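Participant: when you get a sec, could you give me coordinates for this:
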Amino acid sequence: MSGHFEDTGFVPLNIAVLTVSDSRTEETDKSGDTLRDRAVEAGHNVVEKVIVPDDVYQMRAIVSRWIADPDVHIIISTGGTGITGRDSTPEALMPLFDKSIEGFGELFRTISLEEIGASAIQSRAISGLANGTLVFCLPGSTGACRTGWDKILLAQLDHRTRPCNFAQMFPRLLEV
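Facilitator: All right, here's what the predicted structure looks like:
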């Protein structure tokens with residue numbers, strides 16, 4: 001296992017960004033832009049950015065395509081994680097997961113509690129692994145995207161973060 005933790009320098013990952021919204025356009029999608037911009041600033045490759053209505057089947061179609069693409073390592077979605085009638089990102093994407101990463105949502109809500117107080121309880125941020133692709137689902141606010149990226153994903157998607165990180169798991173995520 002010693003080679004597993006060697007510092008090989010920064011390893012860029014291929015990231016797809018999905019904005020779930022019935023009303024946002026490319027001109028008004030600040031949350032998706034925030035995720036894209038922060039990923040690029042960190043040195044990663046954003047291979048695609050899509051806006052999709054809050055529709056279970058349209059979300060599943062796009063995310064399934066990315067999950068099947070071996071060149072997409074990470075999917076980050078924003079939006080649809082609340083509790084209103086149209087919020088359906090967890091219901092759309094959880095059936096696609098081979099494994100859930102419960103700690104992501106728990107950590108996100110803990111950090112959010114410090115930032116926005118008890119309103120953090122309304123977030124249904126989730127994460128999972130699907131066909132060797134890591135999927136992270138964040139709330140739709142730009143602030144939530146900054147929190148998720150800056151406080152969790154930036155370090156966890158950097159191969160150099162110790163004692164461990166998600167990036168170093170590639171290509172082992174598909175081991176049987």
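Participant: surely Cys145 meets Ser31?
Facilitator: Yes - at 4.7 Å, Cys145 counts as touching Ser31 under the criterion of Cβ atoms under 8 Å. Placement of C-beta: from N, CA and C, glycine included.
Participant: quickly list what's touching both of these two.
Facilitator: Common contacts of Cys145 and Ser31 (Cβ atoms under 8 Å, 6 or more residues apart in numbering): 78, 138.
Participant: grab the longest helix from the protein for me.
Facilitator: helix 102-116 (DSSP state H).
Participant: any weak-confidence spans in the protein?
Facilitator: The chain contains residues with pLDDT under 70 at 1-7, 172-176.
Participant: quick one, helices of it?
Facilitator: Going by DSSP H, the chain shows helices at 30-42, 56-68, 89-93, 102-116, 142-148, 154-156.
Participant: could those helices be laid out in JSON lines, adding mean neighbour count and distance to Val50?
Facilitator: Formatted as JSON lines, these follow (neighbours: other Cβ atoms under 10 Å; distance: least, Cβ to Cβ, whole Å):
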{"stretch": "helix 30-42", "mean neighbour count": "20", "distance to Val50": "8"}
{"stretch": "helix 56-68", "mean neighbour count": "17", "distance to Val50": "6"}
{"stretch": "helix 89-93", "mean neighbour count": "21", "distance to Val50": "13"}
{"stretch": "helix 102-116", "mean neighbour count": "16", "distance to Val50": "21"}
{"stretch": "helix 142-148", "mean neighbour count": "21", "distance to Val50": "15"}
{"stretch": "helix 154-156", "mean neighbour count": "17", "distance to Val50": "22"}
